[in-house]
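*Asks:* Here is a sequence together with a model predicted from it:
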Amino acid sequence: MRFLLKNRRLCWGFLMVSAVLLFSLFGPLAAGHSPFTTQVAGRLKAPSALHWFGTDTLGRDLFARLAYGGRVSLGLGFSVGIISTVLGIAAGLWAGLNRAADQVTMRLCDGIRAIPSLLLSIAMMSLLGAGIKNLILCLSLSSAPSMARLTRSAVLSAREQPYVEAAKSMGAGKGRILFRHIAPNIVSPLIVQMTFLFAQAVMSEAALSFLGAGIPAPLPSWGSILNEASTVIYSARWMLIFPGLAAAFTVLGLNLLGDGLRDALDPLRVQ
């Protein structure tokens, strides 16, 4: 615990992510306004005591929409992080333990990574249609290859270690070697990579929603709010500032948390 508390990046990252989670969970209740109620007469009102972050183009409370949009963005990012991690680990383990499948799996991952993830997601969304499930699927498929390559490299390094050779000499099967000896020794970099995929998914969702290919209306997300703000950037700057700060704060917290976990899970640093 002393080592963890001395890790400033881990502590700051944990506090920042916790603050965003609390804001997303309890923000709509604290605002006292529904994120979906429109009031055309009160459109584009500046921040005040009644509307802390002002109102948007349809008179909806921006604070409530940012908080509710945080649930959407964070939920989507968490889902993408989990799904892409599971897919990437499965593909990486398969490639690392089966030499025959290694080249095929890695060339497929290279082919996916050769296409910019944002462009690939836009193309897939145009084929599948708008929706949260389709967006999660697109972002997961575009993020899984990086996890697969990391898993493969960790497996290739771990399977040459003396403890794996000793297990083989004692007659241990592939399943026991994988789950008893290799997996526990490669899990730490994979956890760190998952936090980075989480942050990347939040930014990708914001970018896609800003371009109109992400979360469909009227469901709010930080990217869709930025998309609305692009038309009133000179008359209602608060619509651009607050969601931009929320996305930047969240991504910074997730990156600090990932860096802190990398230090905390490194046995050489712990010693």
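*Replies:* That came through, no problem.

*Asks:* my guess is residue 249 meets residue 16, correct?
*Replies:* Yes: look at residue 249 against residue 16 with C-beta atoms under 8 Å: they come within range, at 6.4 Å. (Each C-beta comes from the backbone N, C-alpha and C, glycine too.)

*Asks:* Neighbour count: the two, which is higher?
*Replies:* The neighbour count for residue 249 versus residue 16, taken as other C-beta atoms under 10 Å, is higher for residue 16 (19 against 15).

*Asks:* so what's that one closest to, chain neighbours aside?
*Replies:* residue 253 (3.0 Å; C-beta to C-beta, 6 or more residues apart in numbering).

*Asks:* So what's the residue count around residue 201?
*Replies:* When counting by other C-beta under 10 Å, one arrives at 28 neighbours for residue 201.

*Asks:* Please apply the same query to residue 219.
*Replies:* Neighbour number of residue 219 under other C-beta under 10 Å is 16.

*Asks:* and it, that's in a helix?
*Replies:* No: Residue 219 is assigned coil when assessed by DSSP: H, G, I helix; E, B strand; the rest coil, not a helix.

*Asks:* Contact partners for it?
*Replies:* Contact analysis of residue 219 by C-beta atoms under 8 Å, 6 or more residues apart in numbering lists 72, 132.

*Asks:* can you check the one 4 residues further on too?
*Replies:* When contacts are counted by C-beta under 8 Å, 6+ apart, residue 223 is found next to 73, 205, 206, 207, 208, 209, 210, 214, 215, 243, 247.

*Asks:* right, and the pair among those with maximum separation?
*Replies:* Spatially, the most separated pair among the contacts of residue 223 is 208 and 243, at 14.4 Å (C-beta to C-beta).

*Asks:* which SSE is residue 184 in?
*Replies:* For residue 184, the element it lies in under DSSP states H and E is helix 183-210.

*Asks:* From the centroid of the chain, which residue is nearest?
*Replies:* When C-alpha atoms, centre = their mean is applied to the chain, the residue found nearest the centroid is residue 198 (1.8 Å).

*Asks:* Can you get me a residue count around the closest residue in space to it that isn't next to it in sequence?
*Replies:* Closest residue to residue 198 apart from its sequence neighbours, by C-beta to C-beta, 6+ apart: residue 81 at 3.9 Å. Look at residue 81: counted by other C-beta under 10 Å, it has 25 neighbours.

*Asks:* so for the longest helix along the chain, what's the average pLDDT?
*Replies:* Determined from DSSP state H, the single longest helix within the chain is helix 62-97. If you average the pLDDT over helix 62-97, you get 87.

*Asks:* That one to helix 183-210, inter-axis angle?
*Replies:* Interaxial angle of helix 62-97 relative to helix 183-210 (axes from the mean of the first three to the mean of the last three C-alpha atoms, to 10 degrees): 140 degrees.

*Asks:* Show me which residues of helix 62-97 are buried.
*Replies:* Buried positions in helix 62-97, judged by neighbour count with 16 or more other C-beta atoms under 10 Å: 62-74, 76-77, 79-81, 83-85, 87-89, 91-97.

*Asks:* go on, stretch 196-204?
*Replies:* 196, 197, 198, 199, 200, 201, 202, 203, 204.

*Asks:* how about the residues you listed in a markdown table, adding distance to residue 101?
*Replies:* Formatted as a markdown table, the buried residues of stretch 196-204 follow (distance: C-beta to C-beta, whole Å):
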| residue | distance to residue 101 |
| --- | --- |
| 196 | 26 |
| 197 | 23 |
| 198 | 28 |
| 199 | 30 |
| 200 | 27 |
| 201 | 27 |
| 202 | 32 |
| 203 | 32 |
| 204 | 29 |
